[in-house]
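> Provide a 3D model corresponding to the input given below.
(4 chains)
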There are 2 protein chains.
Amino acid sequence: MRSSPPADFRRILPPSLLTSARHTWLQPGAYLFHQRDPVRAVYFVESGQIALRRPLPDGNFVVTQVAGPGDSLAEAALFAEIHHCDAIGMVQSQVLGVPKQSMLDLFDRDHSVALAWTRHLSWQLQELRQRIEIRDIRPARNRVLAWLALHDRSEIVLDRPLKDLARELGLTHEVFYRTLAALERDGSIQRRKGMIVRTRSQI
Amino acid sequence: MRSSPPADFRRILPPSLLTSARHTWLQPGAYLFHQRDPVRAVYFVESGQIALRRPLPDGNFVVTQVAGPGDSLAEAALFAEIHHCDAIGMVQSQVLGVPKQSMLDLFDRDHSVALAWTRHLSWQLQELRQRIEIRDIRPARNRVLAWLALHDRSEIVLDRPLKDLARELGLTHEVFYRTLAALERDGSIQRRKGMIVRTRSQI
DNA sequence: CGAGTCGTTGAACGGAATCAATCGTCGTGG
DNA sequence: CCACGACGATTGATTCCGTTCAACGACTCG
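Numbering: from 1, shown residues only, chains lettered A, B, ... in the order given. Sure thing, here's the model as predicted:
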């Protein structure tokens, strides 16, 4: 899908930063931080799933991000004094916390790291914009075809469960399964264990 | 909606950079750049609308971004030798092109500018993630309520046509109108010229 | 005064969500 | 080892909500 490298924090942060970082285990429902907590660190998800949500006056929430393995979390917090949303583990999760000040200091000392971070953010942006646009494609058949077409190789390796991919595409997993089945039926794709192969590529 | 400042490039780029920038007028359908063109500049939309789209082998396209006034365009190009998508004016548009090298040089010379750019990207990311999550909310009524709830003040000033807001929310304008009408009917909001006022805020 | 666009409502259709049931696989513990 | 539960994958049936098409009024602009 993406023409940019995978946005995994391990490729962005230098080892020197990683040593000053703290690993944390989070049980399901446990808070990583609360709204209005002072910002101490920028976080990266190593495993599990962390949700960011903004509490509303009436006691409800609006979810603003769901971060999975490899994702960075609340990068904008780097430029804020306090958090403006809650962070909660959806499942048992492991996160890496890099102290805010260490990060800013390193940016200051080492240009290449600052630039690498900028590149990371730019890639993320590109990917998200793409995701938004692809979700606007209707019906499901065309959306899935577009998603397939964005992959450079005709063989798409499924590194995640189809269920997760469905969510990324903004479809329920049922509809995604059905659509894939329909595409295979009419010969647009072939399915092999753990991968999808594009055959014709008409949208 | 956002708790961060508006992401307008005029607040990020220092005047020194803006002087070295070039204004370009783009007619509808005209290309700002093509895929595989060498990256010369990073662009900002001053007026109109620019679409980024990735050409497919079969002659089709997948749109990856639609940028409006104030938006930066293809920031990731700053780290690439060639463009990997086309940029086309959807309507008559004016863009500002800041030479890639000027930008990188300035980042190198002036930390504060580099940091401002990082902050800009972080805010953009946050906003996009929020947009994605809000578009997952169904049905339309709840989505609109969530969108309203994200605004800090109970009076939401409509700076853009409702049509555009509908698009941002991932709804057709008809459904958006209807939903607003329904919300007003049951007393959840009140509408005054150019603004919407939250009254009750239950989701 | 028309042309164009936004805002608004109506009616009908279609496609995706939802609910439900089944199968396979994997890991866990008795 | 097998039973059990959890979860992914899959398909069916039904419902419902958002899209689409259509029409109209208000407003702005040339």
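
> Please make it C-alpha for all contacts and neighbour counts, starting now.
OK.

> Can you name the residues of chain A that neighbour DNA strand C?
Proximity of chain A to DNA strand C (CA under 7 Å from any atom of the strand) is limited to residues A:138, A:139, A:140, A:141, A:170, A:171, A:172, A:174, A:175.

> just the helices in chain A please.
Secondary structure of chain A (DSSP state H): helices at A:15-19, A:100-109, A:111-135, A:140-149, A:162-169, A:173-185.

> quick one on the thing from earlier: which of the residues of chain A next to DNA strand C count as buried?
Among the residues of chain A next to DNA strand C, those classed as buried by 16 or more other CA atoms under 10 Å in any protein chain shown are A:140, A:141, A:170, A:171.

> what pLDDT does residue A:203 get?
Residue A:203 carries a pLDDT value of 44.

> Quick check: bridge partners of the residue nearest to residue A:190 when sequence neighbours are not counted?
With sequence-adjacent residues excluded and distances taken as CA to CA, 6 or more residues apart in numbering or on different chains, residue A:190 is closest to residue A:197, at 5.0 Å. When assigned by DSSP bridges, residue A:197 has beta-bridge partners residue A:155, residue A:190.

> picking that back up, can you say which of the helices of chain A is nearest to chain B?
Closest to chain B of the helices of chain A is helix A:111-135 (CA to the nearest CA; 4.3 Å).

> which residues touch the closest one?
Under the criterion CA atoms under 8 Å, 6 or more residues apart in numbering or on different chains, residues A:2, A:4, A:7, A:12-14, A:106-108, A:143, A:146-147, A:168-170, B:62-65, B:74-76, B:79, B:108, B:114, B:117-118, B:121-122, B:124-125, B:128-129, B:132 lie in contact with helix A:111-135.

> what do you get if the cut-off is 6 Å, keeping everything else the same?
A:107, A:169, B:64, B:65, B:75, B:76, B:118, B:125 (CA atoms under 6 Å, 6 or more residues apart in numbering or on different chains).

> For the last one, grab the count of nearby residues.
Residue neighbour count, defined by other CA atoms under 10 Å in any protein chain shown, stands at 22 for residue B:125.

> how much space is there between it and residue A:75?
8 Å (CA to CA, to the nearest Å).

> quick one on the thing from earlier: turn the contacts of helix A:111-135 into TSV, columns for pLDDT and distance to residue A:183.
Below are these laid out as TSV (pLDDT from 0 to 100; distance: CA to CA, whole Å):
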residue	pLDDT	distance to residue A:183
A:107	93	48
A:169	97	16
B:64	93	23
B:65	93	26
B:75	93	35
B:76	94	33
B:118	95	42
B:125	94	33
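
> closest to DNA strand D among those?
Ranked by distance to DNA strand D (CA to the nearest atom of the strand), the contacts of helix A:111-135 are led by residue A:169 at 13.3 Å.

> Next, work out how far apart whichever residue of chain A sits closest to DNA strand C and residue A:176 are.
The nearest approach of chain A to DNA strand C comes at residue A:139, 2.9 Å away (CA to the nearest atom of the strand). Look at residue A:139 and residue A:176: by CA to CA, they are 11 Å apart.

> quick revisit: in TSV, list the helices of chain A along with distance to residue B:18.
Formatted as TSV, the helices of chain A follow (distance: least, CA to CA, whole Å):
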stretch	distance to residue B:18
helix A:15-19	34
helix A:100-109	24
helix A:111-135	20
helix A:140-149	37
helix A:162-169	38
helix A:173-185	47
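
> Near the residue nearest to residue A:190, how many other residues are there?
Residue A:197 has 17 nearby residues by other CA under 10 Å.

> Tell me who's in contact with it.
Per CA under 6 Å, 6+ apart, neighbours of residue A:197: A:154, A:155, A:189, A:190.

> ok so, going back, pull the most distant pair out of the contacts of helix A:111-135.
A:107 and A:169 (34.7 Å; CA to CA).

> can you list the residues of chain A near chain B?
Taking CA under 6 Å from any CA of the partner chain as the contact definition, chain A meets chain B at A:64, A:65, A:75, A:76, A:118, A:122, A:123, A:125, A:129, A:130, A:133.
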